[in-house]
Structure formats: C-alpha cells, structure tokens
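> build me a model:
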Amino acid sequence: MNRGAWKFDELKAPRPSSDMIKALYEDHIERVKNAESEDDVLEVLFENNLLVRRVQEMNEIISIRHAMDVYDERYSDDEKWSEEFCPFFDKLELDFKEVVYESPYREAIESQIGHMYFVKTEIKRKTVSDDIIPLRLRERELIDEYDTILFDSKRTVDGKERSFMDLQELLSNEDRNIRREAFKAFSEILSENEEKLETVWDELVKLRTQIANRLGYDSYVSVGYLERERLDYGREEVAKFREQVVNEIVPLCTKLYEAQAKRLGIDAVMAYDEKIVFQDGNAKPVGDPEYMMSQLIDMLHEMSPETDEFITYMLDHELIDYKPRPEKAFREFCTLLPYNKAPFMFEHFNGSAEDVQSFSEGLGHAFATYRASRRQPIEEYYFPSSEITEINAMSMIQFVNKYADRLFGEDAWKYEFGNLQYFMTFIPFGVAVDEFQHICYDNPNLTPKERTNEWHKLEQKYMPWRKYDEDDEFMHRGGYWYHKFHIFYVPLYYIEYALATVNAMEMYRKYIERPGIAWKEYLELIDVGGSKEYNEILKQANLTPVYEDGAVKNAIGYVKSFLESHIE
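This is a model prediction of the structure:
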C-alpha cells in the first residue's frame, strides 16, 4: 500500500503473536541494560516507540471497526482479543520503561526528550501490576455488561421504535409531548434495569477498590488521580473549584432557566425541557447533514492555514465517519491511529444543531492530536492530560460560533446563545458527577440505594432548578446518573470537562477580543501535546488554573455578560 495514498478501510489490523511481541521487548530491555551511552538507549527507545505505535494503532483500528458495526462477530471477536491482549502488552511496556527509568543515562535522555516520559513511567509503576490484570479483565467485562443493557433497550415513542440514544436525542424535539414521552421512556429503561445497573456498579466500585488496595492505596480516588495524570493539583483544589461553581455559576444557571421558562410560556423548565431554549425552537441548520458537512469542511479550509491542511488530510484518508447507521455504536468519539499519526472522528449526524456541537468537539480533539503527533518526539507526548485535551475540544466548539451564520442562517445568534447556555449549565452537572464518584469510591460499602440518594442530594446542591414529573419516582430519588456512561467506563474522568469548559470560556473571550493572538495561543496549547504538566501548559497558553481564588468569575466574565444581555 502506498504510504501516502491510503484510506482507512484499507488499513490492516492483524493480531500479532504474543511470543513475538514478548521477544521484541526482551531484546529491547537487554539492549538498554547493556547500553554504553545515552545514544544507545535513545536508539532503542525510539525503536520501541515505533513498536508501541504499531500495536496501539492495531488496537484502535479494531475498536473503530467494532464501533462501526457492533453486530459483526468478526469485529466483536477482535475486540475481545484486544481487551485480553492489552493488559499483557501494558505490562511489557512497563517492564521496558522500568529499565529506561533506572538507566545510568537517564539525565542525558531526559535532556533529549523531556521529563514527562519519566513522570508518566512513575505513574505506570504506581498503577500497573500483574496482581491486578485479572481484575482489569473483569472490569472490562462489567463495562461491556453496562453497554449491552442500555444498547439493547428500546421503546416506542411517537409511533417509532427508539434506541436509548434516540430517546436522548428526542429531548431536543420541539414538541413538548414528545419530549415528555421520550423522557418517560428514558426513565423507564433505567428504572426497569435498575437492579442490573446496581449490580454492575456495585461490583465495579468494589473491584476498583480491590485494585487500589492491591496497589497500596486506601481508595480508588488516589489511583484515579494518578491515571488521570493530576500531578499539580489534587482533592483540595478540586473542592475549591466546586465551591466557586456553587457561588458563581449555579445562581446564573438558575436565572437562565427562570428566563427560559418565561420564553417557553411554562411554569417551570422540566428535565425534558432543558434543551429547548426558545419558544419557536432552537437554532436549526439550513441544510441536511450532507450540506452541513460541506459547510464545516469549507469553514476549516477558511479558518486558518493549519485547519486547511488538517481537513485536507482527513478527507484524503477518509477518517471521518458521520453518517448514521443502525449497526453503529451509540457513542461518539475521536481517537488517533498513532503509527500513521492519523486522527479518526466517529460521529452520528442527524441534521440537528447538536451535530455541529459534537463535530466541533471531535474536531478540537482531532486537530490537536494531528498537530502534536507531528511535533512531539514520542507517542507518550501525542496526548496531554485529559484536562488540556478537553480545553482543546471545548475551545474549538466556541471558535465555530464565528461561522454559525453559514450553518444556521438567521438562527446563528440563537445557536451561539444556546451553545453558551448549554456549556454554562453543564458545569454544575460536571462537578456533581465528579463529587459523586469521590463519594462512591471513598465509601465503597454504601448500598446501591444509598449511592443513588447521594446523587439526589448533589442534584439539589448543584442543579436546584432540575424538576421531574411528579409520578417519576425513580428520577425523584436520584436515578438520573445511571445513564452517564463515563462513570462506568473511565473512573474519576469528568471534572476535566468542567475545568476545561471554564478555560474554554476564557479562551473564547480572547478570541472575540484579539482573534489573531488567541489563535496563536491555541496552537501553542495543542502543539505541546503531553510533553509538559497541566499548569505548565496553561501558563504557555496564557490561561489560568481555574481552581485559583476568583479564577472562575474572571474566566466566565464575557460569556456571562453575553448571556445576561440576551437572556430575554
């Protein structure tokens, strides 16, 4: 295959021999141990990094193809094999990094590739062990069980059979009766599967607590912070951020929903009304999904020379899957094929404004990894910590507001207002999900019903506007959280969204006031990849750690002013 002219569907993902991979690692390890100079170590390190990129790309191709057709048994079998292979491979990779970490040439190596390689190795040493491999395999099985429970659940709404994802999309329908019916079906699916979901979550919490204990920690929170690479902030800083959200953002959100109720002509915004911002409907794209994609592509050609290069590459290699199909997995994601340094975007266009938002988010992830993978020396630096990753994505969502007129015509202002209200009102939910996970992992012996009650209390604290129909007993006692797959899939991963959303608002203010400078700072933010720590990257991009005193109030200033000026 011509390395410069390949298409995604031409890429192969053959399963490598475990014995062969093990032999390669044994060779790499011996060569590092016997190295006579830093150049010898670096030669092996880069050779090993190429192997890592190949193996990880194989796993990503398998994962993408499984998501493209969840019913194809070939891809399901590949996915299962990959899940079993990854812990074995991760342990080999840690063994190799251990010898590099202990090398007498470490200081010289660090001067060549930076300190984060060794920081990341230190994290792996603390979070990877042979003792936890069986637990990790069981963890994956439980996540698959959760996925299956919701993926297989369907309800008839408005005369059509709807998947669980379809029901969530119907919450943006302009017909309030359809929204109410969809939310009722959404709640019923969760309620009827409550016992199964409770069992999965209960075992996950206790399993992850076992993992933490075997690694030498009292709570999985400590493991989660390490896995998320939270190196320069911790529980105390997160708590300070949550407090600022309660003081600065919750009152604004309450005001926004009160104004929304007046616009909609209803007594109160119910849970199934929250996405409908205007009485005559939210912003509507001026064309079908094909037209929408063509406009987004044109936008990227025009936005900057950097985005023009990027979208040309993505189209040439067919790295965007956006058309809905019954066999597609119901999630949306962006990933990277590290050997080819090729992002892949997996979307579900249905002709709504949410398509623009979702695509813009994926675009931020894809553009960032496209840039970083071409500027950083090793695969470990292609991705920054998840907080920075989400700033990359959330900022791009706001940049796209500039082009809303070509996507929404006269509804462009409605899109920008609705977009900014959505992100402002998301932040309290984001910190609630984070605090909920802290509670669950710090108190692993809570009963399932006690955990659900904790979510109920967090809703009252962070989302006092949230209202459910009187007869929805399940939601009233706190069942809403069960649909949030991040809680099951990636422990402790959610505060990043809230932190990043606030920083993205800070970036958007700069983009409005000084677009050229803001774009330059954005490129600096994404080009650094994972070669520096969180606060270092923020400083390089002239952004503020939002857990600092007063940081939230300052960062949201422009967006708050915009929302308040258009609230009526």
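> what sits closest to Tyr272 if chain neighbours are left out?
Phe183 (3.7 Å; CB to CB, 6 or more residues apart in numbering). C-beta coordinates here come from the backbone N, C-alpha and C atoms, glycine included.
> which residues does the one you found contact?
By CB atoms under 8 Å, 6 or more residues apart in numbering, the contact set of Phe183 is 167, 171, 270-272.
> please apply the same query to Leu231.
Leu231 touches 119, 385, 533-534, counting by CB under 8 Å, 6+ apart.
> secondary structure class of the residue nearest to Tyr272, three-state.
Three-state call for Phe183 (DSSP: H, G, I helix; E, B strand; the rest coil): helix.
> how near is it to Ile189?
11 Å (CB to CB, to the nearest Å).
> am I right that Val250 is in contact with Pro428?
Yes - under the criterion of CB atoms under 8 Å, Val250 makes contact with Pro428 at 5.5 Å.
> and the strands in the stretch 301-450 of the chain?
In the stretch 301-450 of the chain, strands defined by DSSP state E, counting those that start in this stretch lie at 320-321, 333-337, 342-346, listed in chain order.
> now distance to Ile439 and mean neighbour count too, for these, in JSON lines please.
Below are those laid out as JSON lines (distance: least, CB to CB, whole Å; neighbours: other CB atoms under 10 Å):
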{"stretch": "strand 320-321", "distance to Ile439": "37", "mean neighbour count": "20"}
{"stretch": "strand 333-337", "distance to Ile439": "27", "mean neighbour count": "21"}
{"stretch": "strand 342-346", "distance to Ile439": "32", "mean neighbour count": "22"}
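> count the neighbours of the spatially closest residue to Ala271 that is not a sequence neighbour for me.
Excluding the flanking residues, the one nearest Ala271 by CB to CB, 6+ apart is Tyr468, at 5.4 Å. Tyr468: 19 surrounding residues under other CB atoms under 10 Å.
> likewise Ala5?
Ala5 - counted by other CB under 10 Å - has 9 other residues nearby.
> how close does it sit to Glu318?
For Ala5 relative to Glu318 (CB to CB), the value is 11 Å.
> next: Glu195.
43 Å.
> between the two, which has more neighbouring residues?
More crowded of Glu195 and Glu318, by other CB under 10 Å: Glu318, with 13 against 10.
> Lys154 - how many residues pack around it?
So Lys154, with other CB under 10 Å, has 14 neighbours.
> that one against Glu161, yeah?
Yes - in terms of CB under 8 Å, Lys154 counts as a neighbour of Glu161; the distance is 5.3 Å.
> gap between whichever strand or helix holds Glu169 and the chain center?
Assigning secondary structure by DSSP states H and E places Glu169 in helix 164-169. Here the centre of helix 164-169 is set off from its chain's centre by 19 Å, with CA atoms, centre = their mean, to the nearest Å.
> quick one: contacts of it?
By CB under 8 Å, 6+ apart, helix 164-169 touches 150-151, 153-155, 157, 182-183, 185-186, 189, 330, 348, 350, 352, 354, 483.
> send the alpha carbons of that helix over as PDB?
Only the C-alpha atoms of helix 164-169 are listed here, as PDB (Å, rounded to 0.1, in the frame of the first residue of the first chain):
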ATOM      1  CA  PHE A 164     -31.700   4.500  24.200                       C
ATOM      2  CA  MET A 165     -29.600   7.100  22.300                       C
ATOM      3  CA  ASP A 166     -32.600   8.000  20.100                       C
ATOM      4  CA  LEU A 167     -34.600   8.800  23.300                       C
ATOM      5  CA  GLN A 168     -31.900  11.200  24.400                       C
ATOM      6  CA  GLU A 169     -31.900  12.900  21.000                       C
END
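> that one - what's its average pLDDT?
Averaged across helix 164-169, the pLDDT comes to 88.
> what's the neighbour count on Phe118?
17.
> buried residues in the helix or strand harbouring it, which are they?
Here Phe118, judged by DSSP H and E, is contained in helix 116-127. Residues of helix 116-127 classed as buried by neighbour count (16 or more other CB atoms under 10 Å): 116-118, 120-121, 123-124, 127.
> how close does the residue nearest to Tyr272 sit to Asp308?
The gap separating Phe183 from Asp308 is 42 Å, by CB to CB.
> picking up where we left off before, overlap in contacts, Val250 and Pro428.
The contact lists of Val250 and Pro428 share 462-463, where a contact means CB under 8 Å, 6+ apart.
> compare these two and say which is more crowded by neighbours.
Taking neighbours as other CB under 10 Å, Val250 and Pro428 compare with Pro428 leading, 26 against 19.
> ok, the nearest residue to that one once chain neighbours are set aside - contacts?
Computed as CB to CB, 6+ apart, the closest residue to Pro428 that is not its neighbour in sequence is Tyr462, at 3.9 Å. By CB under 8 Å, 6+ apart, the residues touching Tyr462 are 245-246, 250, 428-429, 431-432.
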